[in-house]
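Asker: Sequence and computational prediction follow.
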Amino acid sequence: MVVPSAEIWEEIGDWSGLSVRIRNLYNQSKLETLEIVKKSWSARVTKLTREFFEDDKGKDKKGLNIFEKDNFIKCLDFAIELQLSSMRAILSENILLITQEFLPRLSVIEKYANQLDKVKKSKIINSICDLAKGALATDIYVDKVNIRIRIDHIKNAPQNLAKQAALGINKEQFTQACNKVYINLEKIVVDIFDELWRLIINNAIGQAMLFYNDFLEIQNRYQQETSEQRQAEKDWIENQLQELIQIKKGIDVILKR
């Protein structure tokens, strides 16, 4: 009752505008991250190619013999670890960029939620605020089964290549392995952004809009009640309370016998 309806409608408008801004930022960040990952992995592959599959004159070598293979596998493994670490940093930066648009609105929701009873308030805070704050943690996405599997595929690429080419590694085998790594890198980026989208747009913002609609309905119902109706409700509650007190006293008497 103490919150003007105009404020709530303004909040609904702000959340609607926020969803549009986040959608645009999401699309832009997703494309930029994919491009950065593609360029960085391509640069690592080019470096490995020059070091192991080209001679001093820049011409292609036939391949690596069994004595050169072990050192190459170690270098490929190191390049993959660097790539995953770099990608994680880029993803964390972009996730923070997107969620920073969202987080300032949480304190406003908490202010209005304080007008409700404890059960409803707790439900709102848990379903919206905790969800949005949790979206900041990159581990939420990395721990997803499909993403974890893709990371394992990437990390296992060097050893799989070593087993495939037991006696030596040619450039075609190396190229095929690197292409598979990139496909998984790309899918990880897409999967993480899709999960972020689900958490913020489908869950948090959707829940926020429902909260404000419900808030308006509750407010409208109370505003339509006459003062006599509200007084009657208070009297009824008081009567129920007095009856409970009498029942408690009766129970206390029985227990003391």
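Answerer: Here it is on my side, so go on. Numbering: from 1, shown residues only.
Asker: so residue 12 makes contact with residue 214?
Answerer: No: counting by Cβ atoms under 8 Å, residue 12 stays clear of residue 214, with 11.7 Å between them. The way it works is simple: take the backbone N, C-alpha and C, and place the C-beta from them, glycine included.
Asker: Neighbour count for these two, which is higher?
Answerer: More crowded of residue 12 and residue 214, by other Cβ atoms under 10 Å: residue 12, with 17 against 13.
Asker: Find the nearest non-adjacent residue to that one, please.
Answerer: residue 212 (5.0 Å; Cβ to Cβ, 6 or more residues apart in numbering).
Asker: got the contact list for residue 166?
Answerer: Taking Cβ atoms under 8 Å, 6 or more residues apart in numbering as the definition of contact, residue 166 has no neighbours.
Asker: Confirm it sits in a helix?
Answerer: No: going by DSSP: H, G, I helix; E, B strand; the rest coil, the assignment for residue 166 is coil, not a helix.
Asker: So for it, what's the pLDDT?
Answerer: Confidence at residue 166, expressed as pLDDT, is 71.
Asker: What are the phi and psi values at it?
Answerer: phi -60, psi -40 (degrees, to the nearest 10).
Asker: roughly how far apart are it and residue 17?
Answerer: 60 Å (Cβ to Cβ, to the nearest Å).
Asker: Same question for residue 57.
Answerer: For residue 57 relative to residue 17 (Cβ to Cβ), the value is 60 Å.
Asker: Please say which of the two ends up with more neighbours.
Answerer: Higher neighbour count among residue 57 and residue 17: residue 17, with 10 against 5, using other Cβ under 10 Å.
Asker: For residue 29, list the residues it contacts.
Answerer: Per Cβ under 8 Å, 6+ apart, neighbours of residue 29: 94, 97, 98, 193.
Asker: Compute the number of surrounding residues for residue 207.
Answerer: The local packing of residue 207 (other Cβ under 10 Å) involves 18 other residues.
Asker: element containing it, please.
Answerer: Following DSSP states H and E, one finds residue 207 within helix 206-224.
Asker: Report the buried residues of that helix.
Answerer: 207, 208, 211, 212, 215, 219 (16 or more other Cβ atoms under 10 Å).
Asker: Same question for stretch 66-77.
Answerer: Per 16+ other Cβ under 10 Å, stretch 66-77 contains these buried residues: 69, 72, 73, 75, 76, 77.
Asker: what's the angle between the one helix or strand residue 99 maps to and helix 206-224?
Answerer: Residue 99 is part of helix 66-102 when elements are defined by DSSP H and E. For helix 66-102 against helix 206-224, the angle by axes from the mean of the first three to the mean of the last three Cα atoms, to 10 degrees is 10 degrees.
Asker: Now list the buried members of the contacts of residue 29.
Answerer: Buried among the contacts of residue 29 by 16+ other Cβ under 10 Å: 94, 98, 193.
Asker: Export the residues you listed to CSV and append columns for pLDDT and distance to residue 83.
Answerer: Output for the buried ones among the contacts of residue 29, formatted as CSV (pLDDT from 0 to 100; distance: Cβ to Cβ, whole Å):
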residue, pLDDT, distance to residue 83
94, 84, 16
98, 79, 23
193, 87, 18
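Asker: For the residues you listed, give me TSV that also has distance to residue 174.
Answerer: Formatted as TSV, the buried ones among the contacts of residue 29 follow (distance: Cβ to Cβ, whole Å):
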residue	distance to residue 174
94	30
98	36
193	29
